[in-house]
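>>> quick check, what structure comes out for this input:
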Amino acid sequence: MFLDWLLETASLPKVGLPTVFVVALVSATLLPMGSEPVVFGYVKLQPEMFWVTVCIATVGNTLGGMVNYWLGYGAHEALARGRHTPRALAWLESLGPTACFFAFLPGVGDPLTAVAGWIKLPWLPVLLWQAAGKFVRYAVLTALLLWVPDSFWNGLLAPLRHLLMHG
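Now for the predicted structure:
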């Protein structure tokens, strides 16, 4: 009952798309959170909104990555003047903003954008490269998840539905 209501409410465009945006933005910061289930869930409920949802998630996730960038930039200004550059920083400096295409990778993507700010890579190329990578990730991952049969998702969610209805 509650799960059905929640899914129905979240599927409404006036509620669902802002939720996708906020979750994607927050999940791109250094906070441990994933946006893929929200993106997939929304697209599963509103398949005609596939590209709109992918674009909104990409914008939110990219802006969250830019929060990391500016945090890294500010931290560099506040803390580190004249320190030795570790090998990972040297690698990122050698690749430049192109490396931010990989900002979608779990575990390393969020710190990557912070380090890009730390070493003061130009913000616009960082924004564009990470947006490209995040867009590809959302489009490919969501499309692949849509190919999974509904029977799999129903079986996966059955224990949760049972718990919410009877627990």
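>>> switch to C-alpha atoms for all contacts and neighbour counts from now on
Will do.
>>> what about residue 162, neighbour count?
11 (other Cα atoms under 10 Å).
>>> and what about it, helix, strand or coil?
helix (DSSP: H, G, I helix; E, B strand; the rest coil).
>>> mean confidence score for the biggest helix by length in the chain?
Ordering each helix of the chain by length in residues (DSSP state H) puts helix 50-79 first. Averaged across helix 50-79, the pLDDT comes to 88.
>>> check which helices and strands it is in contact with.
Helices and strands touching helix 50-79, by 3 or more Cα pairs under 8 Å, 6 or more residues apart in numbering; DSSP states H and E, are helix 13-28, helix 36-45, helix 109-118, helix 123-146.
>>> other SSEs contacting the last one?
So the one you mean is helix 123-146. helix 36-45, helix 50-79, helix 109-118.
>>> the same query, at a cut-off of 7 Å, please.
Applying 3 or more Cα pairs under 7 Å, 6 or more residues apart in numbering; DSSP states H and E, one finds that helix 123-146 contacts helix 50-79.
>>> list of residues touching the following helix or strand past the helix it packs on?
Using DSSP states H and E, the helix or strand that directly follows helix 50-79 along the chain is helix 87-95. The contact list for helix 87-95, computed with Cα atoms under 7 Å, 6 or more residues apart in numbering, reads residue 99.
>>> can you give me the buried ones in helix 87-95?
Within helix 87-95, the residues scored as buried using 16 or more other Cα atoms under 10 Å are 89, 92-93.
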